[in-house]
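# Here is my input, please return the structure:
(one chain, ligands or ions: 1)
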Amino acid sequence: MFEFVLGIGILLVLGILFLMFRVGTLVSIARKKKDEVGTSNKVNALLLVLFGIVGIVSFLWYSWSEFDRYSLPLASVHGADTDQLFWITMYITGAVFVITHILLIYFSYRYQYNEKNTAKFFTDNHKLEIIWTVLPAIVLTLLISKGLMVWGDIMEPAPDDAEVVEIMGSQFAWDVRYPGKDNSLGEYDYKLIDATNLFGMNLEGSESWDDFSPLEIHIPVNKTVLLNIRARDVLHSVYMPHFRLKMDAVPGMPTHFKFTPTMTTQEMRDKLGNPDFNYELACTEICGRGHFSMRKLIVVDSQEDYEKWKASQKTWLQLNPDQLVKIPEGMREAAIVKSGIDREEVKNLEASL
Ligand SMILES: [Cu+2]
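Numbering: from 1, shown residues only. From the prediction side, this is the model:
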């Protein structure tokens, strides 16, 4: 509310200043004063200087005071490289930004209209042109080469023992699927997607029988995790800021991202002194009205806790035993064993049919 009133106040003051300025100009026209252009230019030049000072001071103040809000603690291996790249780029572009803006404003003020000033004829200066072409070219080449190298490392194929997690974006939720005890995600086909089978799992393949789909994402610390990313309807984007991870989820075009978490949730809570801290996944693609609600908790466990958690999860088939009908009869028994469905439940189900 305070900011709103302040904003209205500033707008009113600016409006009044503008009107006073207009009235002054009109009066001087009416009196046929000669220096009308001169006054207008002086006011404009001064306003630009004021704008520049307020702008640069607010930019520096905001960057400094809100630092912790946009620079989150790091918790992944490759994140150290991307952070370094980010800050090198930020220092260079930040310095150029501030210097060019100070010059821009200074020149506008210094060379405002003045009757006594005369234009100076200036053809060109090869030395100057070479400097401002070659210097940025070298700096940009170095930045881009470093970026490509880091990107190459991040995008290398995941090792065979990586923990595979499938993540699916839809309006408006994230769903995850783990490969289960056989360490292999079952095949899918988008045509098989329905209200229960959110991943379009092909239940005729035995690999999907022990897959499970929990509400929270759990991952082990210090182990490579490979995210296989899909989308069901529109573009979404997987964003895990603490792991410096962002990758679009594109319908019909699976993407992936591998990373290695370096700190468990508990370790990060201790480090920050914040017992309520949680890692989170957010969607960073404006994907519709409920975009804001696409948040999911991520828990980074020690290897031991992770194994315990995995062992405690119920398979998708166990939670949806009625889906057994989609499995060919000859394979059903094997599916019951592999998915761990309760026999009593199967009997009840058969009785109700
Ligand atoms: Cu989304």
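
# pLDDT at the residue nearest the centre of the chain, what is it?
Centroid-nearest residue in the chain: residue 239, 4.5 Å away (criterion: C-alpha atoms, centre = their mean). pLDDT, residue 239: 95.

# Can I take it that it is in a strand?
Yes - under DSSP: H, G, I helix; E, B strand; the rest coil, residue 239 falls within a strand.

# ok, it touching residue 282?
Yes - Residue 239 sits in contact with residue 282 when judged by C-beta atoms under 8 Å, with a separation of 4.9 Å. No exception for glycine: its C-beta is placed from N, CA and C like everyone else's.

# Which parts of the stretch 151-300 of the chain are strands?
Remark: strands assigned in the stretch 151-300 of the chain by DSSP state E, counting those that start in this stretch are 163-170, 173-177, 217-220, 225-231, 236-240, 245-249, 255-259, 279-283, 295-301.

# Buried deepest among those, which one?
strand 236-240 (a mean of 23; mean count of other C-beta atoms under 10 Å).

# what helices or strands is that strand leaning on?
With contacts taken as 3 or more C-beta pairs under 8 Å, 6 or more residues apart in numbering; DSSP states H and E, strand 236-240 sits against strand 163-170, strand 245-249, strand 279-283.

# To residue 265, which of these lies closest?
In terms of C-beta to C-beta, the element of the helices and strands packed on strand 236-240 nearest to residue 265 is strand 279-283, at 6.3 Å.

# So is that closest one next to the ion?
Yes - judged by C-beta under 5 Å from the ion, strand 279-283 comes into contact with the ion at residue 283.

# partners of that strand in the sheet?
strand 236-240 (antiparallel), strand 295-301 (antiparallel) (DSSP bridges).

# ok, back up a step: can you put the helices and strands packed on strand 236-240 in JSON lines and add mean pLDDT?
Shown next, in JSON lines, are these (pLDDT from 0 to 100):
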{"stretch": "strand 163-170", "mean pLDDT": "93"}
{"stretch": "strand 245-249", "mean pLDDT": "94"}
{"stretch": "strand 279-283", "mean pLDDT": "94"}
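
# Could I get these in CSV, plus columns for distance to residue 314?
Listed next are these as CSV, based on distance: least, C-beta to C-beta, whole Å:
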stretch, distance to residue 314
strand 163-170, 17
strand 245-249, 26
strand 279-283, 22
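
# wait, which of these is closest to residue 303?
Counting by C-beta to C-beta, residue 303 lies closest to strand 163-170 out of the helices and strands packed on strand 236-240; the figure is 10.2 Å.

# who does the closest one pair up with?
The pairing partners recorded for strand 163-170 under DSSP bridges are strand 173-177 (antiparallel), strand 225-231 (parallel).

# how about those strands in a markdown table, adding mean pLDDT and distance to the ion?
Shown next, in a markdown table, are the strands paired with strand 163-170 (pLDDT from 0 to 100; distance: least, C-beta to the ion, whole Å):
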| stretch | mean pLDDT | distance to the ion |
| --- | --- | --- |
| strand 173-177 | 93 | 8 |
| strand 225-231 | 93 | 8 |
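
# residues in contact with the lowest-mean-pLDDT helix or strand in the chain?
Using mean pLDDT, DSSP states H and E, the weakest-scoring helix or strand in the chain turns out to be helix 343-352, at a mean of 74. The contact list for helix 343-352, computed with C-beta atoms under 8 Å, 6 or more residues apart in numbering, reads 321, 322, 324, 336.

# Write the PyMOL selection for whichever of those are buried.
Buried subset of the contacts of helix 343-352, written as a PyMOL selection, criterion 16 or more other C-beta atoms under 10 Å:
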select buried, resi 321+324+336
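
# Please consider this matter closed, and thank you.
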